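Visitor: sharing a model that was predicted from the sequence below.
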Amino acid sequence: MKHGDEDKLTCGVALCTYNGRAYLAEQLASLLAQERRPDQVVIYDDGSADGSWELVQEWAQKAPLPVSVHRHPERVGYIKNFEAAVQLLDTDLIFLCDQDDIWLPNKIALMANEFEKQPDLFLLHTNAKLVNAAAQDLGVSLFEALRLSESERQAVLAGNALEILCRRNLVTGATAAFRRRLLDIALPFPASLVHDEWLAIVAAAHGRMSLLDAPTILYRQHANNALGMPLSKWRIWALLSAPPGQFHKRYAARQGELMRQLTKLSAMNAAKAPSFLPEMKKHVEFRSNLPSGNLKRIASIFSEWKSGRYHVFSNGIRSVARDIVNR
């Protein structure tokens, strides 16, 4: 996409919808209320049956900017839906957009300015204000809810995000933007990794990703979130009531796929193989195959704790406690 000011990067929005009519109008209005409006908007619907598709079609016809709307004939899920949407944008920057949030007016201007100042920046994500279904402030920020530590924050700002991202995802797609050329490496999106964490990992492995402490969206928490914060009561209950060992199966699948993808990136010469991969592999294999006997399990966990790998590749003492009870 061409633009008149060569110092300014063009900005596109990839909005994915699925039965989100209840909140969609507010999100669409917030896109038009941006201090720096997007140059292009792509909306991809995943087979909504609640009127969302009709709403975005009508909005696209009236919007004072280029909008294209598309629909999958059969539902593909949010990861593949975003994968399809981002490929239809030809702007310099791509902003991921959920259907149920509200963008603060300075979001695009603030984030685009950071990319324009930092040519080596591949992906940027920000803080957010958590709100309830009625968009009322919950009194906690996204970074607080994620328990983002100062050491993690400083590591990301210093360009050392990859090791942290291999431990846990810090990037919420609804607050993220990235350079379009990142897709040359990141496509196709792995099915077993969420699209936002995968884009962040590729950005950190191939170049640099960073964060802004400033909130740029009202991040709505409600019962129908495809992904939401772990603070929500129903998510806490789901974790507590899950059968023993279920977490470790998911953990093994996620980390195994992550290591395969990092090795693949290295083979593509997109990035050097991270030096910590062998130690990470040891830790993943250990947590994926915990001994069943209580005393034997505790002894082995203590040995793994002494190695330091719990701190580097998991969440320290919290992960130790989880492994002791095998949840």
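Guide: Yep, it's here.

Visitor: lowest average confidence, helix or strand, in this protein?
Guide: helix 233-241 (a mean of 41; mean pLDDT, DSSP states H and E).

Visitor: buried sites along the next helix or strand after it?
Guide: With elements assigned by DSSP states H and E, the helix or strand that comes after helix 233-241 is helix 246-267. By 16 or more other CB atoms under 10 Å, the buried positions in helix 246-267 come out as 247-248, 251, 254-255, 258-259, 261-262, 265. The way it works is simple: take the backbone N, C-alpha and C, and place the C-beta from them, glycine included.

Visitor: got a list of what K282 touches?
Guide: Listed by CB atoms under 8 Å, 6 or more residues apart in numbering, the contact set of K282 reads R309.

Visitor: rewinding a little: how about the buried residues of helix 246-267 in JSON lines, adding distance to V67 and pLDDT?
Guide: Converted to JSON lines, the buried residues of helix 246-267 look like this (distance: CB to CB, whole Å; pLDDT from 0 to 100):
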{"residue": "F247", "distance to V67": "41", "pLDDT": "74"}
{"residue": "H248", "distance to V67": "44", "pLDDT": "77"}
{"residue": "Y251", "distance to V67": "40", "pLDDT": "77"}
{"residue": "R254", "distance to V67": "35", "pLDDT": "79"}
{"residue": "Q255", "distance to V67": "39", "pLDDT": "80"}
{"residue": "L258", "distance to V67": "35", "pLDDT": "81"}
{"residue": "M259", "distance to V67": "40", "pLDDT": "82"}
{"residue": "Q261", "distance to V67": "33", "pLDDT": "81"}
{"residue": "L262", "distance to V67": "37", "pLDDT": "81"}
{"residue": "L265", "distance to V67": "34", "pLDDT": "75"}
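
Visitor: of the residues you listed, closest to F189?
Guide: Checking the buried residues of helix 246-267 against F189 with CB to CB, the nearest one is Q261 at 10.1 Å.

Visitor: do I have it right that that closest one meets I201?
Guide: Yes. Contact status for Q261 versus I201: in contact at 7.4 Å, counting by CB atoms under 8 Å.

Visitor: now do the helices in the stretch 151-300 of the chain.
Guide: 162-167, 183-186, 195-206, 233-241, 246-267, 277-288, 294-307 (DSSP state H, counting those that start in this stretch).

Visitor: can you tell me which of those comes nearest to K107?
Guide: helix 195-206 (15.9 Å).

Visitor: which residues touch that closest one?
Guide: 78-79, 82-83, 96, 122-123, 125, 161-162, 165-166, 169-173, 176, 178, 182, 185-186, 189-190, 193, 209, 258, 261-262, 265, 270-271, 274.

Visitor: of those, buried ones?
Guide: Burial by neighbour count, judged by 16+ other CB under 10 Å, picks out 78-79, 82-83, 96, 122-123, 125, 161-162, 165-166, 169-173, 176, 178, 182, 185-186, 189-190, 193, 209, 258, 261-262, 265, 271, 274 from the contacts of helix 195-206.

Visitor: name the residues of stretch 314-327 that are buried.
Guide: Those would be 314, 319-320, 322-323, for stretch 314-327 by 16+ other CB under 10 Å.

Visitor: where's the dip in pLDDT among these?
Guide: Across the set of the buried residues of stretch 314-327, S314 stands lowest in pLDDT, at 82.

Visitor: name the nearest residue to it, sequence neighbours excluded.
Guide: R167 (6.3 Å; CB to CB, 6 or more residues apart in numbering).

Visitor: how many residues are close by E74?
Guide: 6 (other CB atoms under 10 Å).

Visitor: for the closest residue to it other than its chain neighbours, helix, strand, or coil?
Guide: Excluding the flanking residues, the one nearest E74 by CB to CB, 6+ apart is G47, at 6.5 Å. Of the three states, G47 takes coil according to DSSP: H, G, I helix; E, B strand; the rest coil.
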